[in-house]
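J.: A structural model of the following input is requested.
(one chain, ligands or ions: 1)
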Amino acid sequence: MRTPVIDVAIVGAGPYGLSVAAHALGAGLDVRVFGKPMRAWEQHMPRGMLLKSEPDASHLGDPDGRYGLDAFHRYAYGEPVPVDRFAAYGKWFRARAVGQALDESEVTAVDTEGGLFALSLSSGESVLARTTVLALGFLPFAHRPGVVAALPPSACTHSSDHHELSAFAGRDVTVLGAGQSALETATLLAEAGAGVRIVARAGALAWNDVPVHRRSIMSRVRAPRSSLGSGWPSVAWSRLPGAVRYLPEQARRHIVRTTLGPAGSWWLRERFDGAVAVNLGTRLTACEQRDGIRLHLKDASGAVTTLDTEHVIAATGYRVDVARIEILGEHLRRQVASSGPAPRLSRGFETSVTGLYLVGLAAAATFGPAMRFVCGCDFAARRVTAGLVGRLRGPRRATRPTAS
Ligand SMILES: Cc1cc2nc3c(=O)[nH]c(=O)nc-3n(C[C@H](O)[C@H](O)[C@H](O)COP(=O)(O)OP(=O)(O)OC[C@H]3O[C@@H](n4cnc5c(N)ncnc54)[C@H](O)[C@@H]3O)c2cc1C
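T.: Now for the predicted structure:
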């Protein structure tokens, strides 16, 4: 069964998809957003996780600013937001700002048909849309180091594969990585009764400072707070993501890599210390599956050791690559211009395919580190909506999904 042609199809109902939907609906566009609301937060982050971002950096965006996190629940500065409460907030936001425009079907494919986008749904239906916004989040880009790629899922998983860690009680688990995800996953595993160690290339673990509620004027001037942490550069990248787009590509890459780099939250440190063994300054060079898994490790001096474990969790982050957006038909995917693996986007988040937009992590290489976090939702949703309105109602109305 085919539905009538809609103006805007949004794929993904996480913070970015829901925020774009709220803004586009506010602009009077005919919108449908696809996917289970907040699925990534409910199923692909560990139970018991706390948000690293401050409450004030965790608002979804709607045109009147009525449905920020604080309208759902007022958290104090420095008070961590539990992941299940944040997912509940996203659903609360959806009920108020998006309403019936949500369809919980997954999108299985996006292609073109007769100058429109054709979306195939898990329900078996298909939908035609004049424009499409991909708000796919981080899941398509989960990165596993090549050295563990040959291990089967029973032996090695990515941190985003897990929600329930209690299944690891009594088992020996090795977590690769030294960022928040690695440190928190390891801590929650230990608390669930697993024997856990971290293996990381970093020579030392970094931890964020405990937030100070009352700061001197000098300290506030020297290092003002922002939704991306303290300091003037963070203020600039969080408040002016539109300006980041005009920086040279190498500078943008550097900013994305170094802003809020791998570090554990202040509130995690006490729980981590003593509960998790650490093996730092170590590179995993090879692994093989026997009864369990044998890891071959090389330290900074070049010394090689082996380590036996029952399961490896790669908490090794996410790498954006247009080639990994598997729902895009091959022909369409090949038309999306990129710089390296990252898509090239216009000031309105449009790809080189007319009418096809990308938001969230996939836009970080263009608009900077704010796009990796919830704090970038409102900016992205406003810009995309302005672009959609221009495409659908303005003089550039022709929306054939062809490369421009
Ligand atoms: C462990 C972890 C902790 C984090 N903690 C924080 C934090 O504290 N603060 C913060 O600001 N950011 C945090 N982040 C980053 C966070 O992921 C992003 O800020 C946020 O998820 C971006 O929202 P999004 O809508 O782009 O992506 P997502 O939340 O990933 O939403 C995208 C949605 O699209 C859906 N989807 C994908 N493909 C399809 C399809 N084909 N059809 C239908 N639906 C589809 C997915 O299921 C998903 O629900 C964390 C990330 C991780 C991995």
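J.: got the residues of the stretch 301-404 of the chain near the ligand?
T.: Neighbours of the ligand within the stretch 301-404 of the chain, by CB under 6 Å from any ligand atom: 327, 360, 361, 373, 374, 375. Heads up, the C-betas are built off the backbone N, CA and C, glycines and all.
J.: try 8 Å
T.: 318, 327, 359, 360, 361, 372, 373, 374, 375, 376, 377 (CB under 8 Å from any ligand atom).
J.: May I ask which two of those are separated the most?
T.: Greatest spacing in these, by CB to CB: 327 and 375 (26.4 Å).
J.: More neighbours: these two, which one.
T.: residue 375 (24 against 18; other CB atoms under 10 Å).
J.: who's in contact with the residue lying closest to residue 126 once chain neighbours are set aside?
T.: Of all residues not flanking residue 126 in the chain, residue 120 sits nearest, at 5.1 Å (CB to CB, 6 or more residues apart in numbering). Residues near residue 120 by CB atoms under 8 Å, 6 or more residues apart in numbering: 107, 108, 109, 110, 111, 126.
J.: Can you give me the distance of the fourth one to the ligand?
T.: Spatial separation of residue 110 from the ligand under the definition CB to the nearest ligand atom, to the nearest Å is 8 Å.
J.: go on, the last one?
T.: Computed as CB to the nearest ligand atom, the residue 126 to the ligand distance reads 13 Å.
J.: Tell me what that residue is bridged to.
T.: residue 2, residue 120 (DSSP bridges).
J.: next one: the third one
T.: Assessed by DSSP bridges, residue 109 has beta-bridge partners residue 120.
J.: So what does the closest residue to residue 11 other than its chain neighbours have for phi and psi?
T.: Closest residue to residue 11 apart from its sequence neighbours, by CB to CB, 6+ apart: residue 107 at 4.7 Å. Per-residue torsions, residue 107: phi -90, psi 120 (degrees, to the nearest 10).
J.: again with residue 176
T.: The phi/psi pair for residue 176 (degrees, to the nearest 10) is phi -90, psi 130.
J.: so how far is residue 333 from it?
T.: 29 Å (CB to CB, to the nearest Å).
J.: quick one, which of those two is more surrounded?
T.: For residue 176 versus residue 333, the count of surrounding residues by other CB under 10 Å is larger for residue 176: 24 against 17.
J.: pLDDT weak spots in the stretch 101-250 of the chain?
T.: Across the stretch 101-250 of the chain, not a single residue meets the criterion (pLDDT under 70).
J.: Tell me the residue of it that sits nearest the ligand?
T.: In the stretch 101-250 of the chain, the residue that lies nearest the ligand is residue 137 (2.0 Å; CB to the nearest ligand atom).
J.: What is the burial count for that residue?
T.: So residue 137, with other CB under 10 Å, has 24 neighbours.
J.: That one contacts residue 12, correct?
T.: Yes. Residue 137 lies in contact with residue 12 (CB atoms under 8 Å); the separation is 5.9 Å.
J.: Which residue would be the closest one in the stretch 301-404 of the chain to the ligand?
T.: When scored by CB to the nearest ligand atom, the stretch 301-404 of the chain has residue 360 as its residue closest to the ligand, at 2.7 Å.
J.: ok, residue 229 - contacts?
T.: So residue 229 contacts 208, 259, 260 (CB under 8 Å, 6+ apart).
J.: What's the separation between it and residue 129?
T.: 38 Å.
J.: As a quick check, tell me the outermost residue of the chain.
T.: Going by CA atoms, centre = their mean, the residue of the chain most distant from its centre is residue 303, 36.1 Å out.
J.: quick one: the helices in the stretch 151-300 of the chain?
T.: For the stretch 151-300 of the chain, helices defined by DSSP state H, counting those that start in this stretch occupy the ranges 180-191, 217-222, 232-239, 241-244, 249-258, 269-272.
J.: so does the first one get close to the ligand?
T.: Yes. Part of helix 180-191 sits near the ligand under the criterion CB under 8 Å from any ligand atom, namely 180, 181, 184, 185.
J.: okay, the angle between the lengthiest helix in the chain and helix 232-239?
T.: Ranked by residue count and defined by DSSP state H, the top helix of the chain is helix 377-393. Angle of helix 377-393 versus helix 232-239, following axes from the mean of the first three to the mean of the last three CA atoms, to 10 degrees, is 40 degrees.
J.: for helix 377-393, packing partners?
T.: In terms of contacts (3 or more CB pairs under 8 Å, 6 or more residues apart in numbering; DSSP states H and E), helix 377-393 is packed against strand 6-11, helix 15-26, strand 126-134, helix 241-244, strand 356-358.
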